[in-house]
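>>> Return atomic coordinates for the entry below.
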Amino acid sequence: MRRILTIIIFVIVFTVGAAFSAINTNPVDINYYMGTLTVPLSVIMILSLIIGIILGAIAIFISSLRLRYENRRLNKKIAISDQEINSLRILPIKDVR
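Residues are numbered from 1 along each chain as shown. Predicted structure coming up:
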């Protein structure tokens, strides 16, 4: 069911994107320091969307790396604590009298 829903959403987004590209074929000038570039508006919109997706994926990847590092550090701490608890369980109880 989830796969069908994903395919339906993909088809809808693709159809809307194709309609947007067909309607917005007007050329737009992009001015940058080296010169000027004339590109259709739909191409600019698609490129900006792709760049945004890439930058978002990079941000999520960096965040997940930080969380993985913290998870690894905490797991080591737990292992050390478990080892200490096990060594304390082995010690005999001494009667103080």
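>>> Let's see the pLDDT reported for the one residue sitting closest to the centre of the chain.
Taking Cα atoms, centre = their mean, the centroid of the chain lies closest to residue 60, which sits 3.2 Å from it. We have a pLDDT of 92 for residue 60.
>>> for this protein, what spans make up the strands?
27-32, 35-40 (DSSP state E).
>>> ok, back up a step: quick one: residues contacting the residue nearest to the centre of the chain.
Not one residue lies near residue 60 by Cβ atoms under 8 Å, 6 or more residues apart in numbering. Backbone N, C-alpha and C define where each C-beta goes, glycine included.
>>> just to revisit the earlier point, turn the strands of the chain into CSV, columns for mean pLDDT and mean neighbour count.
Compiled in CSV, the strands of the chain are given as follows (pLDDT from 0 to 100; neighbours: other Cβ atoms under 10 Å):
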stretch, mean pLDDT, mean neighbour count
strand 27-32, 88, 10
strand 35-40, 90, 10
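>>> For those strands, give me TSV that also has distance to residue 76.
Output for the strands of the chain, formatted as TSV (distance: least, Cβ to Cβ, whole Å):
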stretch	distance to residue 76
strand 27-32	49
strand 35-40	52
